[in-house]
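[1] this one's sequence-less:
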């Protein structure tokens, strides 16, 4: 590991009998002074707890982007700064030219978000590459020293709880990121797993140098030892991890990309308790992990994945761990806008000045020197089983490349539907040796054959003479049905565009939900969409006595790709109709790189929304009339909402919906005098 101690400061804090001993000094100082100040811990802890509760609530409501939330965060940051830092330390932090700030804390103070202390106009973690070293009264077992050498082994645990598809995508992208590092020689050997058990993790985690977890985590403030990673077959708890201390070497770096995965209370040490910990970060560091990246509060799927991608890109480029964390924060601020506060949740336990790669990577022994004994390094501190893998661990390289190939192949489906390929398969990515290219090509052919087979099966089912015998009664050509859309945004142009592509997709999805009658489906991959279409259509030829569950399938598929390689970046969208088997429109929208994506949501979505509303208008018929109540043959499933207005075709008459049911709705005429008749056609205004 590479150590960059130039321009580094240490902020050291110890709590004793309600008083805080705090100092700031250089790492190589042999003597330094400290200040002794009163510490109103009750007030500080109450503020910290309320801050985290507010941020968790904002995340749950999807409101982590707003000036009010940022203002509250800064207010707490300034209060903590005033309570914990002296005037002299504030001045030193303002005028220093240091790039790194190492927090040396005792175990009474780890629950305070020091990274979010606000000195001046900015937070400390925006200004400095920060990391935490903790002094604790807990007994620290001496784990075996881990020798790091090329290739580093990485284990990616992706959506192991089986209920967070975005975490599955995150794992695949990180695996591909590691593959990109191996163009000339293998530097990182990454293995990807999803269907993994509690016992398998405990048995195999020591085989890896890096571990990345993308999924759900539980935080139990009353019983922190039960906090842990959520798995399909039972959680891996902090207590389980703590029990691994003292054995063979643990991974050097663990990135736990899950909600509240670094949250903790003060470590209230109990003399007679031998096997407990104070949360995930505490457990991993006590077990021997040197760097732990986690979160203070709940996080959103898209920004958290983007943070992880950026972190590994910077780390692999030769940045230190602390610098990779800070630069990843900056990317989220730039991409999501200055008022977004998702970047603030992340923190690092471990020495921020250390890195794992050189900018000019060379094969060499990467043994990490033992930290000074005086540091006492017990350093410590919500997200289907799409990527399920049932093989034994560790996985082979061939298995890893199969997943990389899967992303490439999704582009082939467009050719199946339209007769030409919009997305050209690109094998110029990570692997360059002929053997790997052969593997990728073979997997590409297999997947293309599978997708072709699905379409042929759909054609056979639709062509069956009994196809309509057990189908729902077909509606007339005028009346609208349930309009569903699935989005596919697996770009192959560049891995680095992936985070922005996800953000753009999320923005467009929000606009579609707000301004159209479309129902959005979470489907992730196109072969999953096609498989569902096949299953749904299979009921057309099912025996009469066989009941199949009704499956909501995609009528429309929106293929989205972001191109940032040209002078004028753009978003490319192809709207395909699965019933017609063709593309109904192609849209190209310019993208302003200087503006946050959220500020461009109207411009990016305006033409698509017009096209959806024009191509698939909401239409129905008058099915009954009782007094002033007019019943329509369409309801909420077709997209009808209360207050919606309809124009009667070929008549000077407008109706307003006053109540809705799944299949029908009731409206009233805005003016009387006209005798209404059943079967008259209506169309939403």
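    That came through, no problem. Just so it is clear, the model here is predicted, and its values are computed rather than measured.

[2] does residue 133 count as helix, strand or coil?
    Here residue 133 is recorded as strand under DSSP: H, G, I helix; E, B strand; the rest coil.

[3] Quick check: it touching residue 351?
    Yes: counting by C-beta atoms under 8 Å, residue 351 is a contact partner of residue 133 at 6.8 Å. C-beta here means a position set from N, CA and C on the backbone, and glycine is covered the same way.

[4] neighbour count winner among the two?
    residue 351 (27 against 23; other C-beta atoms under 10 Å).

[5] helix, strand or coil for the more buried one?
    Bear in mind the rule, three-state DSSP; under it residue 351 is coil.

[6] Not counting residues beside it along the chain, what's closest to it?
    residue 131 (5.7 Å; C-beta to C-beta, 6 or more residues apart in numbering).

[7] residues touching residue 210, list them.
    With contact taken as C-beta atoms under 8 Å, 6 or more residues apart in numbering, residue 210 is in contact with 152, 153, 154, 155, 188, 251, 252, 253, 254, 255.

[8] Repeat the analysis, applying 7 Å as the threshold.
    Counting by C-beta atoms under 7 Å, 6 or more residues apart in numbering, residue 210 touches 152, 154, 251, 252, 253.

[9] which non-adjacent residue is nearest residue 676?
    residue 625 is the one closest to residue 676 (C-beta to C-beta, 6+ apart), at 5.3 Å.

[10] Could you confirm that neighbour falls within a helix?
    No: using three-state DSSP, the secondary structure at residue 625 is strand, not a helix.

[11] quick one: it and residue 679, what's the gap?
    11 Å (C-beta to C-beta, to the nearest Å).

[12] And residue 629, by the same measure?
    Distance from residue 629 to residue 679, by C-beta to C-beta: 17 Å.

[13] Mind checking which of those two has more residues around it?
    A count of neighbours by other C-beta under 10 Å puts residue 629 above the other of residue 629 and residue 679, at 13 against 10.

[14] Quick check: that one touching residue 665?
    No: using C-beta atoms under 7 Å, residue 629 makes no contact with residue 665, being 10.6 Å away.

[15] so where's the stretch 551-685 of the chain shaky on pLDDT?
    The stretch 551-685 of the chain contains residues with pLDDT under 70 at 551-552, 565-567, 581, 672-673.

[16] which residues of it fall in helices?
    601-615 (DSSP state H, counting those that start in this stretch).

[17] Which stretches in it count as strands?
    Here the stretch 551-685 of the chain has its strands, by DSSP state E, counting those that start in this stretch, at 556-563, 570-577, 582-590, 619-626, 629-632, 645-648, 654-660, 665-669, 681-684.

[18] most tightly surrounded among those strands?
    strand 556-563 (a mean of 22; mean count of other C-beta atoms under 10 Å).

[19] which helices and strands does that strand pack with?
    strand 484-488, helix 498-515, strand 570-577 (3 or more C-beta pairs under 7 Å, 6 or more residues apart in numbering; DSSP states H and E).

[20] Considering these, which stretch scores lowest in mean pLDDT?
    With a mean of 78, helix 498-515 has the lowest mean pLDDT of the helices and strands packed on strand 556-563.

[21] Quick check: what element follows it along the chain?
    strand 519-521 (DSSP states H and E).

[22] Partner strands of that next one and their direction?
    strand 484-488 (parallel) (DSSP bridges).

[23] how far away is residue 476 from residue 622?
    13 Å.

[24] typo on my end, it should be residue 684
    14 Å.

[25] Can you give me the end-to-end span of stretch 203-214?
    19 Å (C-alpha to C-alpha, to the nearest Å).

[26] Where do the domain boundaries of the chain fall?
    For the chain, automatic domain parsing gives the domain ranges 412-615, 619-684.

[27] and the last one, how far apart are its ends?
    Across its full length, domain 619-684 reaches 6 Å end to end, with C-alpha to C-alpha as the criterion.

[28] next one: stretch 104-115
    First residue to last in stretch 104-115 (C-alpha to C-alpha) measures 12 Å.

[29] before we move on, what about stretch 262-282?
    8 Å.

[30] so residue 50 is in which element?
    helix 41-60.

[31] tell me what that helix is packed against?
    Helix 41-60 packs on helix 67-84, going by 3+ C-beta pairs under 7 Å, 6+ apart.

[32] neighbouring contacts of the helix it packs on?
    With C-beta under 7 Å, 6+ apart, helix 67-84 has contacts from 20, 40, 44, 47, 51, 54, 58, 63, 90, 112, 116-119, 123, 339, 341, 344.

[33] quick one: low-confidence ranges for this structure?
    1-6, 58-67, 139-144, 264-278, 359-475, 489-499, 522-552, 565-567, 581, 672-673.

[34] Tell me where the stretch 151-300 of the chain has helices.
    Counting by DSSP H, counting those that start in this stretch, the helices of the stretch 151-300 of the chain are 165-180, 198-204, 238-242, 280-287.

[35] correct me, but the residue nearest to residue 351 touches residue 347?
    No: using C-beta under 7 Å, residue 131 is not in contact with residue 347; the gap is 8.5 Å.

[36] list residues touching both of residue 133 and residue 351?
    residue 102.

[37] who's in contact with residue 22?
    Residue 22 touches 12, 13, 34, 35, 37, 86, 89, counting by C-beta under 7 Å, 6+ apart.

[38] same thing but at 10 Å, please
    With contact taken as C-beta atoms under 10 Å, 6 or more residues apart in numbering, residue 22 is in contact with 11-15, 34-37, 39, 84-86, 89, 109.

[39] Now the buried members of those residues.
    With neighbours counted by 16 or more other C-beta atoms under 10 Å, these contain buried members at 11, 12, 13, 14, 15, 34, 39, 84, 85, 86, 89, 109.

[40] Those residues in strands, which ones?
    Among the buried ones among the contacts of residue 22, the members falling in strands are 11, 12, 13, 14, 15 (criterion: DSSP state E).
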